[in-house]
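Chemist: after the sequence you'll find the predicted model.
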Amino acid sequence: MKIKSQEWIKVEEITEGIRGISSVHAVFITVMSLHFVFLSDLFSDQRLAGFITFRSSPLSTFTLGVSVGYFIADLTMILWLYPSLGGLEYVLHHSLSGIAVAYSMFSGEGQLYTFMILISEITTPEINIRWYLDTGGMKRSIVYLINGVVIFFLWLVARIVLFGYVFDHIYLHYSQVVQMHIFGYLLVMVVPSVLAIMNLMWFGKILKGLKKQLAKRQ
């Protein structure tokens, strides 16, 4: 029993470190993704520099490289400590994300859509904060409730509404998307769809949990 307790403490310490790193990555990739999608003219329709699906820059490629490194490291830890850090859905999520980001980085294709999807990483720090509150025995605190509300709205915007924007953009620029190599084309069509379904499933759990919390407060 003592050995099991020590092993659990070890896993918890590793998990704490991993979540800290994932939060740093999330902040970095969210800021950079917002820059490339909404502020930079790299992927602007007004810029006459070829199809947007083939545009890239040294900075955009470097940024994706950082993200590839993170997904590989995080997936390795998930598999090593499986299922302590997450079940099959996390393995699927990180595998799809890692493959898509890596392809976009090495080929230079579809970087705009990759950055659009990566904006959803904005929800990661809040999820990690929830874990810290949970392990710290603060499930009944007002901070825990506020965290749940923040996660709900951020998830709604960054993982539901945003994906609708992505699909709309793909539809409007389909003539350019179809020019991509077959593997890149399949990634653009399949990965956002699978992730959107997973996001909806997780959103259902978030909504259920928030309702449960609010009911306890009444």
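Modeler: That came through, no problem.
Chemist: CA atoms for contacts and neighbours, from now on please.
Modeler: OK.
Chemist: spatially central residue in the chain, please.
Modeler: For the chain, the residue nearest the mean C-alpha position is E121 (3.7 Å; CA atoms, centre = their mean).
Chemist: which residue packs closest to that residue, ignoring adjacent ones?
Modeler: Ranked by CA to CA, 6 or more residues apart in numbering and with sequence neighbours excluded, the top spatial neighbour of E121 is A26, at 5.2 Å.
Chemist: how far away is the one you found from I206?
Modeler: As judged by CA to CA, to the nearest Å, A26 and I206 stand 20 Å apart.
Chemist: H173 and L79, how far apart?
Modeler: On the measure of CA to CA, H173 and L79 end up 37 Å apart.
Chemist: just give me the longest helix of this protein.
Modeler: If each helix of the chain is counted by residues according to DSSP state H, the longest one is helix 182-217.
Chemist: what residues of it count as buried?
Modeler: For helix 182-217, burial by neighbour count (16 or more other CA atoms under 10 Å) applies to 184-185, 187-188, 191-192, 195-196, 198-199, 203, 206, 210, 213.
Chemist: please state the mean pLDDT value computed over that helix.
Modeler: The average of the pLDDT scores along helix 182-217 is 96.
Chemist: and that helix, what does it pack against?
Modeler: With contacts defined as 3 or more CA pairs under 8 Å, 6 or more residues apart in numbering; DSSP states H and E, helix 182-217 has these neighbours: helix 88-107, helix 142-155.
Chemist: wait, which of these is closest to L34?
Modeler: Proximity to L34, assessed across the helices and strands packed on helix 182-217 by CA to CA, is greatest for helix 142-155 (14.7 Å).
Chemist: chain center to the host helix or strand of D134, what's the gap?
Modeler: If you go by DSSP states H and E, D134 is part of helix 124-135. Distance of helix 124-135 from the chain centroid (CA atoms, centre = their mean, to the nearest Å) equals 15 Å.
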